[in-house]
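1. how does the following fold in three dimensions:
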Amino acid sequence: MTDLSSTSLPDENMTTGRSLFQLAFIRFRRNTAAMAGCVMMLLIALFSYIGPLFSPHAYDQVFSSYVTIPPSLEARPDESALRGAIEGVAGRAKVKLDSFEVSGRSFTATISADAPIDPRATRYFDRANEFRDTKVVTAENEGRILKVAGQLNREYFPFGTDPNGRDLLARVMLGGQISIAVGVLASLVSLGIGVVYGATSGYLGGRVDNIMMRLVEILYSLPFVFLVVVLVVFFGRSFILIFLVIGAVEWLDMARIVRGQTLALKRREFVGAAQALGLSDWQIIRRHIIPNTIGPVIVFVTVVVPKVILLESFLSFLGLGVQAPLTSWGALISEGANNIQSAPWLLIFPSIFFVATLFSLNFIGDGLRDALDPRDR
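-> Predicted coordinates for the structure are as follows:
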């Protein structure tokens with residue numbers, strides 16, 4: 001007799017199958033360089049977009065007393081700089097500085113003149129970046145001698161300042177926002193145009209494909225810099241124009257890649273089944289061709305983003321990028337190259353973030369290429 005209790009039942013702990021996306025994600029997660037690139041890009045994005053919320057200085061704030069000072073973790077100004085600053089204030093106020101003392105974050109000074117001093121002379125102190133809330137404490141000799149006191153403005157410039165007296169740390173954060181935004185937005189523009197154009201050309205084939213590809217080759221022959229210069233002359237320099245121009249040029253490579261994938265896909269059985277069901281060409285392109293080209297497209301986008309950032313930096317280096325006071329890493333590198341001997345930190349800090357971003361994006365692209373490679377499945 002057969003024992004019903006020993007009848008084999010489905011194993012509840014049986015391992016379920018994984019989808020192709022899950023397998024690709026597992027392979028991508030095992031890629032140490034790609035994961036390091038993701039972490040680095042996350043840190044750079046947080047630095048660029050969240051960092052300004054915690055920065056005490058605005059990107060366009062000018063500190064006339066701190067022009068082209070080197071990077072330091074110590075508070076500015078130091079004792080020697082304070083003495084020079086207070087003497088400069090006294091000279092502008094046309095008074096004599098008799099004494100000057102610093103105690104913590106406050107100061108006291110004694111000034112004198114041959115004629116009675118207008119108490120409003122304290123405004124000269126507050127106009128300097130180093131002092132604030134200056135008030136008259138005592139007046140002697142019929143107002144010819146005044147004792148003033150106020151607070152010291154302690155500023156930190158870990159990345160130093162530029163030739164205009166602006167905090168380089170805040171400028172690098174803003175440059176990261178502009179460069180990353182241009183890279184992502186221009187890549188999305190090239191993605192939207194290139195995928196649709198390439199899939200349509202490859203699927204329709206014949207004369208339509210021939211005409212569409214000849215148009216691509218004509219656009220390839222146009223010099224990129226010449227096209228940008230012409231558009232800038234007509235429309236002016238702006239952030240929107242920059243990523244639109246770059247995206248309108250970069251879609252050519254995307255279109256050719258998608259067209260090659262489409263030529264292979266349109267001979268597959270599922271496309272023939274869709275045609276037999278009576279779907280239109282546009283429905284087949286939208287529902288079957290474009291979704292099946294997403295793997296190579298994603299990999300190519302990770303290559304386009306650093307390429308676009310390089311192009312934007314090149315345009316900013318030539319003076320065709322964003323307008324001041326806005327800036328980008330390319331514009332900062334251009335400014336740093338002009339001052340490399342006198343202020344090398346103006347070139348070093350934006351270059352570090354620029355190179356780290358390019359390496360991270362390339363590592364991520366290599367990881368996606370390996371993860372989505374059908375030969376590794």
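2. find the centremost residue of the chain, please.
-> For the chain, G176 is the residue whose C-alpha lies nearest the centre (Cα atoms, centre = their mean; 2.3 Å).
3. what sits against it?
-> Going by Cβ atoms under 8 Å, 6 or more residues apart in numbering, G176 touches I44, A45, F47, S48, Y49, W329, F353, T357. C-beta coordinates here come from the backbone N, C-alpha and C atoms, glycine included.
4. mind running it again at 7 Å?
-> Contact partners of G176, counting by Cβ atoms under 7 Å, 6 or more residues apart in numbering, are I44, F47, S48, W329, F353.
5. check S238 too.
-> Going by Cβ under 7 Å, 6+ apart, the list of residues near S238 is empty.
6. in this protein, where's the longest helix?
-> Counting residues, the longest helix in the chain under DSSP state H turns out to be helix 168-204.
7. surely A139 forms part of a strand?
-> Yes - per DSSP: H, G, I helix; E, B strand; the rest coil, A139 lies within a strand segment.
8. pull the number of nearby residues for it.
-> The number of residues packed near A139 is 15, by other Cβ atoms under 10 Å.
9. go on, L326?
-> L326, neighbours per other Cβ under 10 Å, totals 18.
10. do the same with V102
-> By other Cβ under 10 Å, neighbour count at V102 equals 14.
11. what helix or strand is it on?
-> Using DSSP states H and E, V102 sits in strand 96-103.
12. tell me which helix or strand comes right after that strand.
-> strand 106-112.
13. now what about that next one, what contacts it?
-> Residues contacting strand 106-112 (Cβ under 7 Å, 6+ apart): 86, 90, 95-101, 117, 131, 144-152.
14. which parts of it are buried?
-> Residues F107, A109, T110, I111, S112 are the ones in strand 106-112 that count as buried (16 or more other Cβ atoms under 10 Å).
15. now stretch 62-79
-> Applying a neighbour-count criterion of 16+ other Cβ under 10 Å, one finds V62, F63, S65, Y66, T68, I69, R76, P77 buried in stretch 62-79.
16. turn those into CSV, including distance to L185, secondary structure and pLDDT.
-> Shown next, in CSV, are the buried residues of stretch 62-79 (distance: Cβ to Cβ, whole Å; DSSP: H, G, I helix; E, B strand; the rest coil; pLDDT from 0 to 100):
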residue, distance to L185, secondary structure, pLDDT
V62, 30, strand, 87
F63, 32, coil, 84
S65, 38, coil, 77
Y66, 34, coil, 82
T68, 33, coil, 88
I69, 35, coil, 87
R76, 37, strand, 79
P77, 41, coil, 77
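17. is V89 within a helix or a strand, and which one?
-> Per DSSP H and E: helix 79-93 holds V89.
18. how far away from the center of its chain is that helix?
-> On the basis of Cα atoms, centre = their mean, to the nearest Å, helix 79-93 sits 39 Å off its chain's mean C-alpha point.
19. tilt between it and strand 96-103?
-> Relative orientation of helix 79-93 and strand 96-103, computed by axes from the mean of the first three to the mean of the last three Cα atoms, to 10 degrees: 140 degrees.
20. of the contacts of strand 106-112, buried ones?
-> Here, 16+ other Cβ under 10 Å leaves 86, 90, 95, 97, 100, 117, 131, 145-152 buried among these.
21. just the closest of the residues you listed to N164, please.
-> F131 (21.2 Å; Cβ to Cβ).
22. give me phi/psi at that closest one?
-> Dihedral pair for F131: phi -130, psi 150, per degrees, to the nearest 10.
23. so it sits against F125, correct?
-> Yes - at 4.5 Å, F131 and F125 qualify as touching, with contact defined as Cβ atoms under 7 Å.
24. common neighbours of these two, please.
-> Contacts common to F131 and F125, judged by Cβ under 7 Å, 6+ apart, are G150.
25. which residues does whatever helix or strand E335 lives in contact?
-> E335 is part of helix 329-338, with elements assigned from DSSP H and E. Residues from elsewhere that reach helix 329-338 (Cβ under 7 Å, 6+ apart): 162, 171-172, 175-176, 179, 312-317, 321-322, 346-347, 350-351, 353-354.
26. and the next helix or strand after that helix, which residues are buried?
-> As assigned by DSSP H and E, the chain's next helix or strand after helix 329-338 is helix 345-371. Of the residues in helix 345-371, those buried by neighbour count under the rule 16+ other Cβ under 10 Å are 345-350, 353-354, 357-371.
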